[in-house]
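In: What follows is a predicted structure for the sequence shown.
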Amino acid sequence: MNILFLGDVVARSGRDAVISYLPQIKKQYSADFTIINGENSAHGKGITSKIYRQLKEAGADVITLGNHTFSKSEIIGNFSQCPDMIRPANLEPADIGKPYIIRECRGRRIAVVNLLGTVFMDIAAGDPVTAMNSLLQEIDADIIIVDLHAEATSEKQVFYHIFRSRVTAVIGTHTHVQTADEQVTDGCAYITDAGMCGPFDSILGRDTDEVIRRMVYREQTRFTPSDKPAVICGILIRTDDATNRCISAERIQIRPEMRV
């Protein structure tokens, strides 16, 4: 089975790129199942139910989130209208949305889990290792994909080494910078960060000049998303139909000039 994961969708530029090119990407990589992190899709921070529907219509099977899950007040009251969207298990309030989802694809039960890191991420309510141990007691699936939305490389690697024999893939999100450490060990895929689907000529998806003014000259700015064309970043993992374990992991990075 081919499972496609696209990293953090950032603002309009990222949305437009994903919505326009996802069908082509799925065809190119023969993707059977598609997961997209949408936590920065609404003007660079959060998501709305409208954007959820747009990503679903483009071909997403499951949408994951992160530390900006509840940044847009609209989504709080409409989470129940987004049945294929999950939020980090260790994020409060815990009574809105669900931390994992199980969907069937080609006769396999695929579980997608969403977690937050704690290092440099003070919004997390509890650590991801404890949360994952708890979730594994109730998840009944053939394939388990974890979106670990975290800042620190070390925390993501620690999590991977603890759970690599019990899950199918640990995919890092949040930093917006794709890492070149994709690997498969013990039948489990890993990448520290899948990267972003957002403005390529930017600083982590934000307007470059504005970020420079903030960091160098201490101006009070809004961190406006860049409107430049987007790079599309992600990872394709392949599982063995006999064992349901991962057999390969391929980084995907499609820069604006590569798209036709």
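Out: Arrived safely.
In: taking the mean pLDDT, what do you get for stretch 25-34?
Out: What stretch 25-34 shows for mean pLDDT is 98.
In: Would you mind finding the longest helix in this protein?
Out: Using DSSP state H to define each element, the chain has its longest helix at helix 11-28.
In: What residues of that one count as buried?
Out: 11-15, 17-19, 21-22, 25-26 (16 or more other CB atoms under 10 Å). Heads up, the C-betas are built off the backbone N, CA and C, glycines and all.
In: Who are the packing partners of that helix?
Out: Helices and strands touching helix 11-28, by 3 or more CB pairs under 8 Å, 6 or more residues apart in numbering; DSSP states H and E, are strand 2-6, strand 8-9, strand 33-37, helix 49-58, strand 196-199, strand 230-239, strand 246-254.
In: ranges for the helices of the protein?
Out: With helices called from DSSP H, the chain shows them at 11-28, 49-58, 73-78, 128-136, 153-163, 208-217.
In: will you turn those helices into TSV that also has distance to C105?
Out: Converted to TSV, those look like this (distance: least, CB to CB, whole Å):
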stretch	distance to C105
helix 11-28	13
helix 49-58	15
helix 73-78	26
helix 128-136	20
helix 153-163	22
helix 208-217	40
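In: Tell me how far stretch 168-177 lies from the chain's centre.
Out: Centre-to-centre, stretch 168-177 and its host chain are 6 Å apart (CA atoms, centre = their mean, to the nearest Å).
In: how long is that stretch end to end?
Out: Start-to-end span of stretch 168-177 (CA to CA, to the nearest Å) is 23 Å.
In: if we can go back for a sec, among the helices of the chain, which one carries the weakest average confidence?
Out: Sorting the helices of the chain by mean pLDDT places helix 208-217 lowest, at a mean of 90.
In: Can you give me the buried ones in that one?
Out: For helix 208-217, by 16+ other CB under 10 Å, it's 210-211, 214.
In: tell me the centre residue of this protein?
Out: In the chain, the residue lying closest to the centroid (CA atoms, centre = their mean) is N37, at 3.1 Å.
In: Quick check: it touching G198?
Out: No - the criterion here is CB atoms under 8 Å, and N37 misses it with G198 at 11.0 Å.
In: Name the residues contacting each of the two.
Out: Common neighbours of N37 and G198, using CB atoms under 8 Å, 6 or more residues apart in numbering, are 8-9.
In: quick one: low-confidence parts of the stretch 151-260 of the chain?
Out: 260 (pLDDT under 70).
In: R251 contacts I232, correct?
Out: No - the criterion here is CB under 8 Å, and R251 misses it with I232 at 11.7 Å.
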